[in-house]
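A.B. asks: Just to be clear, the model below is a prediction. Sequence and coordinates:
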Amino acid sequence: MNIIISWLAQGGAWLTPWLNEIAVAVTASLLVVFGNDINRTLRRLLTGHNFFVRTLVFIGINAFGYGAFIVAVSPWLAAKMRAWPDQWLMCAVVGVFVFVGYWAQRQRQI
């Protein structure tokens, strides 16, 4: 068991310098997977509004909203991930990407 924990800790230590990039990748991956649901909800909320209003909201959310979300959430997520022990960091990073892949498969996005 100590060998497995040691391997996980080494893997987590290897990931530590890349936490900012990993946080951006996690945030962007979640937006890609859930983006269709967000856009579908927006479409329902904006049904019946003027074409110009729908277009402006779509551009605002997709161009600026998602970008602002990534810029705001990624540093926060990276800071939270830096506080985790290395062995848990490795497990969490692998687990998050497996979850995102599984969720994308269930939503028929891949």
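C.D. replies: Arrived safely, thanks for sending.
A.B. asks: Longest helix of the protein, counting residues only.
C.D. replies: Longest helix in the chain by number of residues, with DSSP state H as the criterion: helix 19-46.
A.B. asks: That one - what's its average pLDDT?
C.D. replies: Computed over helix 19-46, the mean pLDDT rounds to 92.
A.B. asks: buried ones in the next helix or strand after it?
C.D. replies: Downstream of helix 19-46, the first helix or strand assigned by DSSP states H and E is helix 51-59. By neighbour count on 16 or more other CB atoms under 10 Å, the buried set for helix 51-59 is 54, 57. Yep, even glycine has a C-beta here, placed from its N, CA and C like the rest.
A.B. asks: Show the average pLDDT along helix 51-59.
C.D. replies: So the average pLDDT for helix 51-59 ends up being 91.
A.B. asks: Quick check: the spatially most central residue of the chain vs residue 60, distance?
C.D. replies: Nearest to the mean C-alpha position of the chain, by CA atoms, centre = their mean, lies residue 27 at 2.3 Å. According to CB to CB, to the nearest Å, residue 27 and residue 60 sit 19 Å apart.
A.B. asks: And for residue 34?
C.D. replies: 18 Å.
A.B. asks: out of these two, which sits in the busier spot?
C.D. replies: residue 34 (14 against 10; other CB atoms under 10 Å).
A.B. asks: Distance check, the more buried one against residue 69.
C.D. replies: For residue 34, the distance to residue 69 - CB to CB - is 11 Å.
A.B. asks: for residue 61, same thing?
C.D. replies: 10 Å.
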